[in-house]
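# Provided below for reference: sequence and predicted model.
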Amino acid sequence: MVSCFSGYKKMKAFIAVLFICISCAVYSYTPSTGDIKPDDPRLMEGMKLFKANCGACHKVDAKLVGPALANVWERWESEEKLIAWIKNSSAVIASGDPYANKIFNEYGKSVMTAFPSLTNEQILSIIDYTRAKTADPNFGNPPGTGSTTPQGATAKPNNSLWYIVAGFLLVLALGLIAVTRKLDDLVKEKEGEPIDNRPLLQKIFTRRVKSALILLAILAFGANIMKGAIGLGRSQGYKPEQPIKFSHALHAGQNKIDCQYCHSGAEKSRHAVIPSVNVCMNCHKYVSQGPKYGKKEIAKIYKYSGWDPTTGTFANQPKPIEWVKVHNLPDHVYFNHSQHVKVGGIECQTCHGNIQEMEEVQQFAPLSMGWCINCHRQTEVKFSENKYYSIFDKYHDDIKSGKKDKVTVEDIGGAECQKCHY
Amino acid sequence: MSEIKYWKSLEELNETPEYKDKASKEFQEEIPGLDMFESASEGSGTDRRDFLKVMGFSVSAAALAASCKTPVKKAVPYVFNGNEQIPEVVPGVADFYATTYYDGSSFVNLVAKVREGRPIKLEGNTDAPFTKGGTSARSQASILSLYDATRLKCPVKGNKAISWNQADKEITSKLAEINAAGGKIAILTGSLGSVVTKKAIEKLKVKYSNAVHVAYDAVSQYAIRKANTISLGTGIIPSYQFDKANVIVGFNCDFLGTWLNPVEFAKQYATNRVPSKENPTMSRHHQFQSAMTITGASADYRYPIKPSEEKLALIALYNAVAAKVGGSVISGAKAFANKAAIDKVAGELAANKGRSLVVSGTNNVENQLLVNAINGLLGNYGITITGRSLNVKEGNDDALATLVADIKSGAVQGLILLGANPVYNTPYADVFKSAIGKLKLSVSLNDRSDETGSLAQYVCPDNHYLETWDLLEPKSGYYCFVQPTINPIFDTRAASETLTKWAGEQTTAYDLVKAESAAMGSWENNLQLGFVDNSSAAGVSCNVGASIAGVNASAGAASGTEVVFYEKVAIGDGTFANNPLLQEMPDPISKTTWDNYVCVPYSWAKEKDMKLWLREAPIAKVSFNGKSVELPVMISFGLPKDTVAIAVGYGRTKAGKAGDNVGKNVYDLLKPGQFSADNVKIELTGKGYKLGMNQQYHTLQEDNNLPSRPRRYRNSIIKEANLKQYQAKHNAGNEDREEIKEHLLTLYGYHPYQSHHWALSVDMNSCIGCGACVIACNVENNVPVVGKERVYKGQEMHWMRIDRYFSGDPDNPDVSFQPMMCQHCNNAPCENVCPVNATNHSSEGLNQMAYNRCIGTRYCANNCPFKVRRFNWLDYQGNDSFGKWTDATAAEYMYEDLTRMVLNPDVTVRTRGVIEKCSMCVQRIQEGKLTAKKENRTLRDGDIKTACQTSCPTNAIIFGDINDGNSAVHKAFFEEERNYHLFEELHFLTNVGYKVKVRNKDEEPALYFTPVMKEEDIKGIVK
């Protein structure tokens, strides 16, 4: 009998372990993220330059505003000519170069932006990148995905399977409870002890359990109210309709236009800057039709910018586009984009999510203080790279002596009130 | 042992019980707002039902607010015309444009900080050769005048808006008509300074042959020009070099505050006023004066004289100097009473021939001739006075008198006013008031419909200087550019353009400036620099004989009590009366805001045995020149017996919301060109008046109740020594510091400062109390204006104040200025008592204040020994989502939609119910650090400067990182023996250091040092 009793106890312990396993299984799920493999630094440099300078108008494999760049080096009679063209296309056209004039006329006599600041070395690295990209259209993309998955951004995990497993286990556990109770009763009956004949549910929901449940309910209600109160003014997932159906998926994702081509303040200012309609017109003077809405949405840009597509001139008075602001911080928070983008080297997607896949932009992060602080606690600063941090003698010593392996934003005071509130 | 007693107010001097009571409190009044509950049950305060009502309202209001939808915010980017070149502007990054402030009596080279197309702050232009980056309170505050909603929105005729075209057409035809009929056209202006406007007036005079140009100044210095015509042969105001003078003697001349170009003079003056180890010398400054000014306060020796005594003193000084250096003597004058003073001053002047400077600010030709003669005898011309003309105060009293006669006679039929408001600020107010309606044409070009403009037929408003093109010549050969920092907010037009158009030339102010500066080199470079200086000092020599020939020694006796009129540092002549920042800036000496008053000497108060708590000042009727005015009485230390002083610039009636009916106007009581009067009668009316003073509270107190401590008076707050003591021992006056440091004990741990450790060093020797820092702080940090009523209640919000202490003889006291802001204690009493940790210490030494965490218990303010924490009793900025539960007047002064454009977007606008205080301009610290990080370099000393520091005309404030061994503030803290910290014996470990005030006096200050703590005392405390 003793053995039976102990078996019953073991069963109970097994059930408890089972529950813990279920919970752990559900909550510990974290998806893995893809990473860009570091490659030949020269090609990486070329890729970076391409994205920053060329990507707005050119693709390697297809026509955009300008011609596709695949095999561009073959189309020109010499590399020097090509470099001269990139540095200042007007001069090459003026020199009477036949190919230059041909391409100029072919593309509606629109002048390519001059890049006098690029060095020959840099231009060659861009050409090398286009070479690599021509050879392997997936070059520079993270393996498997075909598109860049940024660090920190997580794909939504498919949880339903786990819930099914959890549910199954739960039913199993309840069944096992019933079985053990039955066995218990059988033992008691055999030994001549009084048997509890109440229904199973009544047996489980004793007075003590009931009061505990009521307490739990009150706590849960309170917690819910708290959560609601804390959530006031927070709008994660906010996805307002915009005056123009601008698609980041098309521009940033498909066309791979660098974020900072439009959001040019991100490295310079506290604001990333919403581009003026003039920036749109840099390309849309030539691109008058989109893949999804045709001419309809682009016509709106023309209206705002005062552009008359029939004559190809800015004929009317421009007026600003009133975009609906998606990411709103309270007035008492000071946030600076350049601090994060330029100094911290944080990817846009860390806070804004996979913007290159969003048709319509929505607020990805909660933008709560806890979220900010949490990141500041975990994120490492570029401690050895940036000379500004050279004054932190103690941390440098600690790193040398092995006491510290990294310096986080919090370590340098990034969790203090007056770093963001003043 | 004898001690120096320092006092801030009459009450403190006399230690009245009421003073003691108030001084021990942080807040002067009971909690405001609660009075609304008082009536509920006969003054028993809030009862349970009221509490429940309020609580119920709050909860339901909060619930209502919470259930509302989050408002949709728009992000509207810039847009540019695609055909034009697109300017490079980055929202969120400030642009800086060089420009120039000129108000007729001073000029300041500035750099305007522009964010998203709106100017938000003015900084001194450090490249400028004369003002060298210094600013004044008025130039700092002028940014708010740009957003003054009282400015006219377009040209008006009568009260009706008209178009510029219509105005131009009607006015030019009337001008032609008057001119053809032989009527005179008078162009009455203030001091212009503008080359292009003067050219425009010349063109107008060519077009209309009967036009005359008359300039006048409300507070005139015409006597200097007149005297110089005789002495120097040219009617200029010369340039003064206070930095080259070892001995400076001022006669009623507030050259650090209001006289001519105070910022330039303060820069020069300060260079010789700070002794250092390398150069332990100072200039000697004597000041003879009637009204107490900041210049007198900075002087080593002050001699109170009645206004009429100035001439006697000057004659006596001239004779004494002449006796020493050789020269003809003036005879026939009454003897000057204080012969000892004259002998001392004359002796020092004679010993410093060519290295001294005598100046007078009195608008009296004879006095100015005497000053010229003394400077001539001493050979100061060419050294401390140079021939380069200072083009301020260009007014001509005689021409104004002639014009008034012409107006009376009817010869003048057209009147064009520019920067002139004669109905308000001349003694001829009545003439103008009655004549202006009868003129065929009267036009005002002022920016608002002021006292005179409202009577004129047309007002064609000029731009504010921050939205216009202009070219000034404030010194001969020194051209300063004024460039727009914003598009004109209203439909206004530059006066130079308006006048040129009326002269028949179609042009713009931009073209005028461009044409005028065509020969000055690169336009872009000039604009970037803000000035062109293509001249050097011109020679000048003085004809002493001719000068004294013009002096009638026996004439000009005065009798009875005398009154002298002075300008306040902030309000000046009253032109900018509608600037609430200036109105709320406490006068450096009287510490009073929003009012003028009659300053009476301490001796007078003693005679009358006046009630001493001056927060209820008695009103007196002051009669002179056959007229009278009723003003509150202010007891002033340092005024001579039988002399009273009244500030001009108040009592505006058409200035705007903030400026109207503040104080009383006394311009119309003056005799033309004369800023004093005799035979004054003062009668107390028996009525009382509340003055908004701020020196009665925020009293720093040493705890005299500790039994073990000797009774001392603020000797750990103000420390001073004389120059000889300093030369003998560099820590003179600061001897107790070593002992204090030995005995420092703490129960708390020290903060480790890994990176930076921010600190401020304030030099009390440089500080002249001018208040530029106070205004700069207000503008930089969005500090609200609260209005007189609130200041009276002790609820003004200034993060920074300048404490003014008197010491010595109450009839002629020494003055010490002490800028006071949050001391950022490393052992901060405020941090320990906050129940929600809203105020805490940063890893860089800042005492941080998180507004959004603050729940308004005010324990911190109560525990602050420096009384620098300010509580937002009301929603001063009018931003409350529940509407305005505010003091309507306070919000109205400043916070309309337009005026809110001046707010600094990098600084939070605080809400009701939270504490705020000096943050050491943390927004600038963060910006400076970020720039260094972006440029991948360490922070350099001087990268970050606080607003108070950049505004200071005397470099009294240094900010920096004391962890950086090479920083200026590190040197000030650890290598300068004058450095001390307030209440150091109490171990607050403040991050603000002060430097001992050294006066260049021959007499030693009374020995005031008593050992602070003995060994057993400390044991007693620690136990």
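Structure's in. What do you need?

# show me what contacts the residue nearest to A:Gly306 when sequence neighbours are not counted?
Once flanking residues are discounted, A:Gly306 sits nearest to A:Asn316: 3.7 Å by Cβ to Cβ, 6 or more residues apart in numbering or on different chains. C-beta: built from backbone N, CA, C; applies to glycine. For A:Asn316, the contacting residues are A:Gly306, A:Trp307, A:Asp308, by Cβ atoms under 8 Å, 6 or more residues apart in numbering or on different chains.

# What of B:Arg652?
Counted by Cβ under 8 Å, 6+ apart, B:Arg652 has contacts B:Tyr424, B:Asp450, B:Glu451, B:Gly574, B:Ala577, B:Asn578, B:Gly659, B:Asp660, B:Asn661, B:Val662, B:Asn665.

# one step back: pLDDT at the residue nearest to A:Gly306, what is it?
For A:Asn316, the pLDDT comes out at 87.

# do B:His285 as well
With respect to pLDDT, B:His285 has a value of 93.

# what's the answer for B:Asn704, then?
Here the pLDDT value assigned to B:Asn704 is 47.

# Next: the one 4 residues further on.
Per-residue confidence at B:Ser708 stands at 39 (pLDDT).

# picking that back up, any of the contacts of A:Asn316 buried? List them.
A:Gly306, A:Trp307 (16 or more other Cβ atoms under 10 Å in any protein chain shown).

# List the ones among the contacts of A:Asn316 that fall in strands.
The strands, defined by DSSP state E, take in A:Trp307, A:Asp308 from the contacts of A:Asn316.

# export the contacts of A:Asn316 to a markdown table and tack on distance to B:Met520 and pLDDT?
Shown next, in a markdown table, are the contacts of A:Asn316 (distance: Cβ to Cβ, whole Å; pLDDT from 0 to 100):
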| residue | distance to B:Met520 | pLDDT |
| --- | --- | --- |
| A:Gly306 | 38 | 89 |
| A:Trp307 | 41 | 89 |
| A:Asp308 | 43 | 88 |
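
# Let me know the closest of the contacts of B:Arg652 to chain A.
Chain A lies nearest to B:Asn578 out of those, by Cβ to the nearest Cβ, at 28.4 Å.

# ok now do the closest one, which residues does it touch?
Taking Cβ under 8 Å, 6+ apart as the test, what B:Asn578 contacts is B:Ser145, B:Asp148, B:Thr150, B:Arg448, B:Arg652, B:Ala655, B:Gly656, B:Lys657, B:Ala658, B:Gly659, B:Asp660.

# Whichever of the residues you listed end up buried, select them in ChimeraX.
Applied in ChimeraX, the following selects the buried portion of the contacts of B:Asn578 according to 16+ other Cβ under 10 Å:
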select /B:145,148,150,448,652,655,656,658,659
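
# right, and out of the contacts of B:Asn578, which lies closest to B:Thr402?
Nearest to B:Thr402 out of the contacts of B:Asn578 is B:Arg652 (Cβ to Cβ; 27.0 Å).

# hey, what's the closest one bridged with?
B:Asp660 (DSSP bridges).

# And it, how far from chain A?
Look at B:Arg652 and chain A: by Cβ to the nearest Cβ, to the nearest Å, they are 35 Å apart.

# can you give me the strands for chain A?
Using DSSP E, the strands of chain A run over A:307-308, A:313-314, A:323-324.

# returning to what we had before: same list (the contacts of B:Asn578) but as JSON lines, adding secondary structure.
Converted to JSON lines, the contacts of B:Asn578 look like this (DSSP: H, G, I helix; E, B strand; the rest coil):
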{"residue": "B:Ser145", "secondary structure": "helix"}
{"residue": "B:Asp148", "secondary structure": "coil"}
{"residue": "B:Thr150", "secondary structure": "coil"}
{"residue": "B:Arg448", "secondary structure": "coil"}
{"residue": "B:Arg652", "secondary structure": "strand"}
{"residue": "B:Ala655", "secondary structure": "coil"}
{"residue": "B:Gly656", "secondary structure": "coil"}
{"residue": "B:Lys657", "secondary structure": "coil"}
{"residue": "B:Ala658", "secondary structure": "coil"}
{"residue": "B:Gly659", "secondary structure": "coil"}
{"residue": "B:Asp660", "secondary structure": "strand"}
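
# can you redo the contacts of B:Asn578 as JSON lines with pLDDT?
JSON lines is the format used below for the contacts of B:Asn578 (pLDDT from 0 to 100):
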{"residue": "B:Ser145", "pLDDT": "91"}
{"residue": "B:Asp148", "pLDDT": "88"}
{"residue": "B:Thr150", "pLDDT": "88"}
{"residue": "B:Arg448", "pLDDT": "91"}
{"residue": "B:Arg652", "pLDDT": "91"}
{"residue": "B:Ala655", "pLDDT": "88"}
{"residue": "B:Gly656", "pLDDT": "85"}
{"residue": "B:Lys657", "pLDDT": "83"}
{"residue": "B:Ala658", "pLDDT": "84"}
{"residue": "B:Gly659", "pLDDT": "86"}
{"residue": "B:Asp660", "pLDDT": "86"}
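
# Closest to chain A out of the contacts of B:Asn578?
Nearest to chain A, judged by Cβ to the nearest Cβ, of the contacts of B:Asn578 is B:Asp148 at 24.9 Å.

# Look up how far A:Pro199 lies from that closest one.
In this structure, B:Asp148 and A:Pro199 are 83 Å apart, going by Cβ to Cβ, to the nearest Å.

# just B:Phe432 next, same as before
Counting by Cβ to Cβ - B:Phe432 and A:Pro199 are separated by 105 Å.

# So between these two, which is more surrounded?
Neighbours were counted for B:Phe432 and for A:Pro199 using other Cβ atoms under 10 Å in any protein chain shown; B:Phe432 has more, 24 against 8.

# pLDDT value on that one, please?
Model confidence at B:Phe432, expressed as pLDDT, equals 91.

# Doesn't it lie inside a helix?
Yes - per three-state DSSP, B:Phe432 lies within a helix segment.

# Test my guess that it contacts B:Pro422.
Yes - B:Phe432 lies in contact with B:Pro422 (Cβ atoms under 8 Å); the separation is 4.6 Å.

# Quick check: neighbours shared by those two?
B:Thr452.

# about what we covered before: let me have the strands of chain A in a markdown table, adding distance to chain B as columns.
A markdown table is the format used below for those (distance: least, Cβ to the nearest Cβ, whole Å):
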| stretch | distance to chain B |
| --- | --- |
| strand A:307-308 | 7 |
| strand A:313-314 | 4 |
| strand A:323-324 | 5 |
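
# Would you format those as a markdown table with distance to A:Leu161 included?
Rendered in a markdown table, the data for the strands of chain A read as follows (distance: least, Cβ to Cβ, whole Å):
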| stretch | distance to A:Leu161 |
| --- | --- |
| strand A:307-308 | 52 |
| strand A:313-314 | 57 |
| strand A:323-324 | 37 |
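
# after the one helix or strand B:Tyr97 maps to, next one along is what?
Secondary structure assigned from DSSP states H and E places B:Tyr97 in strand B:95-102. Next in sequence after strand B:95-102, counting helices and strands by DSSP H and E, comes strand B:107-115.

# tell me which strands and helices whatever helix or strand comes next after that following strand is in contact with?
Counting by DSSP H and E, the next helix or strand C-terminal to strand B:107-115 is strand B:118-124. Secondary-structure packing of strand B:118-124 (3 or more Cβ pairs under 8 Å, 6 or more residues apart in numbering or on different chains; DSSP states H and E): strand B:107-115, helix B:137-146, helix B:772-780, helix B:947-951.

# avg pLDDT for strand B:118-124?
93.

# could I have that strand exported to PDB, CA atoms only?
Only the C-alpha atoms of strand B:118-124 are listed here, as PDB (Å, rounded to 0.1, in the frame of the first residue of the first chain):
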ATOM      1  CA  ARG B 118      12.300  81.000 -36.000                       C
ATOM      2  CA  PRO B 119      14.900  82.800 -33.900                       C
ATOM      3  CA  ILE B 120      14.800  81.600 -30.400                       C
ATOM      4  CA  LYS B 121      17.900  82.900 -28.700                       C
ATOM      5  CA  LEU B 122      20.500  85.600 -29.100                       C
ATOM      6  CA  GLU B 123      24.200  85.100 -28.300                       C
ATOM      7  CA  GLY B 124      27.000  87.600 -28.300                       C
END
